[in-house]
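J.: coordinates for the following, if possible.
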Amino acid sequence: MTARLTGLASGMDIDSMVKGMLTTKQTKVDEAEKSLKTLQWQQEAYREIISEITSFQDTFFDDLNQDTYLMNSRAFNSLSAEATISGSTASAVTASATNSATAGTHTISNVTKALNDIWTGSDIASMEGSGLSLGDINSGDTIDVILDGTKKTITLEGGYGIIGDLTSDLQSKIDAAFGAGIVTVGTAGSELSFESSGHVFKVFDTNEGDTVLTSLGFSSGDKNVLNKSATLGDANFANDIFGGGDAISFSINGETFTFDKTGDTVQNLMYEVNSSIKANVTLSYSELTNTFKLVSDSEGANNQIQFEDLTGTFLSSGIGIDFSSDTGHAQTGADATFTLDGVTTTRSSNSFTIDGVQYELNENTTSEITVTVKTDTTDTEERILNFVDQYNKLINNINNLVKEERDRDYGPLTDAQKEEMTDEEIEIWEEKAKVGLLRNDSLLNGLMTELRGSLFATSSTLGINLMDLGITTSKDHTNGGQLVVDKDRLIEAIESNPDGVKKLFTDSESGLGVTMDSILDKYVETTGSNKGALLKKAGMEGTTTEKENTLSKRINSLEDQVDTLLEKLEEAENKYYQQFSAMESAILEMNSMSSYISGWFTG
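T.: The predicted model follows:
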């Protein structure tokens, strides 16, 4: 950078003078930068509308989006099915139509539901003490008892001579706490026992370290139901399920299960059984009934459960079910039977499909139920209305771009102008400056013309067009060709001519879908060698056209031009400062010589 002497000797405002001398060159830089910014804004505007167009095309013309794909012929085959008795909705049978159904009427009667195979066990848990010591129970000793979540503290009288004195004292105080007849205090031989059918009863030490429960023959936390989180050996089974061993094993429907006395819990056992695909059953336990239930996961006669104990007696003694004697067999798996359109038949499940109609049997009934399959106008109507709505939004956005007036009083700001403005003022200014950049754009006008022409050009080849569906262009010319829908006519057309409506949108040669998709490809095609016209013009991010397009080339050229102008501006600035610096140096030298001569004469 040139050393600058800015008027120290001459007293002149060198910076202002240089700035004035550079005005013409600075103006050229500013104009080039404005042109560059305008092109960049135009490219952004093009790319925004390109994104909207491709989004519209992907939504309605990409078969990956089956929910909105306009050329999905199956979507226009939408049917509904309703099961009724004397015109009212039937509760015993539910019907729905698949894509392979045919409009018509069916009758179904004499319905007997398919059944799961069910085995129910007997009471499996007991609450019997072990090691009762009457002499160690003192007056004033306490234990905590919990019934269905409600806790009470029981104070013992002590001094019991026989076990009957203890049971009598406990019974009266538990009755007082929870009510008579809910918990029964009894004996099992020489030990204490508790029973409470339909309730969960637990005993706890009142204080940590108490030994009262131990003297009664129990441990803190003992209860009258199965402890699912405990190991199998400590789970409170009423009967011995191990047969003197340390493990149990059993098979269900050919799947063998093995569990360890001290290493596996009841919860773990149930999880393993219920997770087995081969066993295909659900094993559950109810604290309310204190029983296990084994249920086939599938209905039908072929899904009856087969099981046996292999080691130990978990199934027979633990649960209380026996396959060989049919003990605990609460319900036998059976097929559904019904009469459909006069034919009596069976199915292994309560859910099945016949002739494209899916039936769900909910209740047994002897009544005759009418199943009506008919064209479902709702889905087709919503699909068409959604297309019209999105088309109108796209046309409205394009129409605004090509019609909005450009205010020539607003253009790109120079750096000097921005320095005089706030950020908010700059933002507002640039919003106005971007308006109208694509006014009367030939490509966008051409696209709208082709799209409007495609909407009503199918009648000659397909014998139907959008007007036959009650869809026409708006009479308001300011709407730019947006569509309006007569919903009554649309529904009537769908009901009376469903094949024609389907053909209008899905025909592979002349349908509206393929025709409009082809038009959009002309403008936004991203693949192949022949890119869309809008992409050739402005490019699209993430594609090969991002930099290979007309505007990007013009932008690159202008960027080079701006760089060249800035270099020339800097060269001129340096030259002027060099000249003024030389002048300042000369003046300083002259001033120094003048002082020397003046001093010589006056010295």
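J.: now for the helix ranked longest in the chain, which elements pack on it?
T.: In the chain, taking DSSP state H as the definition, the longest helix is helix 550-602. Packing partners of helix 550-602 (3 or more CB pairs under 8 Å, 6 or more residues apart in numbering; DSSP states H and E): helix 14-21, helix 23-61, helix 533-538. (Glycine included, C-beta is placed from N, CA and C.)
J.: which among those helices is found nearest to residue 384?
T.: helix 23-61 (10.8 Å; CB to CB).
J.: list the buried residues for the very next helix or strand once past that closest one?
T.: The first helix or strand that comes after helix 23-61 along the chain, using DSSP states H and E, is strand 79-85. Within strand 79-85, the residues that qualify as buried are 79, 80, 81, 83, counting by 16 or more other CB atoms under 10 Å.
J.: can you tell me the strand partners of the helix or strand following strand 79-85 and which way each runs?
T.: The element immediately downstream of strand 79-85 (helix or strand, assigned by DSSP H and E) is strand 88-89. Strand 88-89 sits in its sheet next to strand 79-85 (antiparallel), going by DSSP bridges.
J.: just the CA atoms of the strand it pairs with, as CSV, please.
T.: Extracted as CSV, the C-alpha positions of strand 79-85 are listed here (Å, rounded to 0.1, in the frame of the first residue of the first chain):
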residue,chain,number,x,y,z
LEU,A,79,-64.8,-49.2,-2.0
SER,A,80,-66.5,-49.3,1.4
ALA,A,81,-68.4,-52.1,3.1
GLU,A,82,-71.1,-51.9,5.7
ALA,A,83,-72.7,-54.7,7.7
THR,A,84,-76.4,-54.0,8.7
ILE,A,85,-79.5,-55.6,10.1
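J.: return stretch 468-488 as PDB; C-alpha atoms alone will do.
T.: The C-alpha coordinates for stretch 468-488 follow below in PDB (Å, rounded to 0.1, in the frame of the first residue of the first chain):
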ATOM      1  CA  ASP A 468     -67.300 -33.400 -16.500                       C
ATOM      2  CA  LEU A 469     -66.300 -33.700 -12.800                       C
ATOM      3  CA  GLY A 470     -67.500 -30.100 -12.100                       C
ATOM      4  CA  ILE A 471     -64.000 -28.700 -12.100                       C
ATOM      5  CA  THR A 472     -63.500 -25.500 -14.200                       C
ATOM      6  CA  THR A 473     -61.200 -22.500 -14.300                       C
ATOM      7  CA  SER A 474     -62.100 -19.500 -12.200                       C
ATOM      8  CA  LYS A 475     -64.000 -16.700 -14.000                       C
ATOM      9  CA  ASP A 476     -62.000 -14.200 -12.100                       C
ATOM     10  CA  HIS A 477     -59.100 -13.500 -14.500                       C
ATOM     11  CA  THR A 478     -57.000 -12.200 -11.700                       C
ATOM     12  CA  ASN A 479     -56.700 -15.700 -10.300                       C
ATOM     13  CA  GLY A 480     -54.500 -16.800 -13.200                       C
ATOM     14  CA  GLY A 481     -56.400 -19.900 -14.200                       C
ATOM     15  CA  GLN A 482     -57.000 -21.400 -10.700                       C
ATOM     16  CA  LEU A 483     -59.500 -24.200 -10.500                       C
ATOM     17  CA  VAL A 484     -62.900 -24.100  -8.800                       C
ATOM     18  CA  VAL A 485     -64.900 -27.300  -7.800                       C
ATOM     19  CA  ASP A 486     -68.600 -28.000  -7.800                       C
ATOM     20  CA  LYS A 487     -68.500 -30.700  -5.100                       C
ATOM     21  CA  ASP A 488     -72.000 -32.000  -5.800                       C
END
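J.: next secondary structure element downstream of the lowest-mean-pLDDT helix or strand in the chain?
T.: Using mean pLDDT, DSSP states H and E, helix 459-462 stands out as the lowest-scoring helix or strand of the chain, at a mean of 73. Scanning forward in sequence from helix 459-462 by DSSP H and E, the next helix or strand is strand 471-473.
J.: quick check: mean pLDDT of that next one?
T.: Per-region confidence: strand 471-473 scores 93 on mean pLDDT.
J.: and what of stretch 183-197?
T.: Throughout stretch 183-197, pLDDT has a mean value of 93.
J.: and for that stretch, what's in contact with it?
T.: Here stretch 183-197 makes contact (CB atoms under 8 Å, 6 or more residues apart in numbering) with 126-132, 145, 147, 163-164, 166-167, 170-171, 174-175, 182, 199, 201, 203, 216-218, 224, 290.
J.: among those, which are in strands?
T.: Within those, residues falling in strands by DSSP state E are 145, 147, 201, 203.
J.: pretty sure the third one is touching residue 224, no?
T.: Yes: the pair residue 201 and residue 224 passes the contact test of CB atoms under 8 Å, sitting 4.6 Å apart.
J.: joint contacts of those two?
T.: By the contact definition CB under 8 Å, 6+ apart, residue 201 and residue 224 are jointly contacted by 127, 194.
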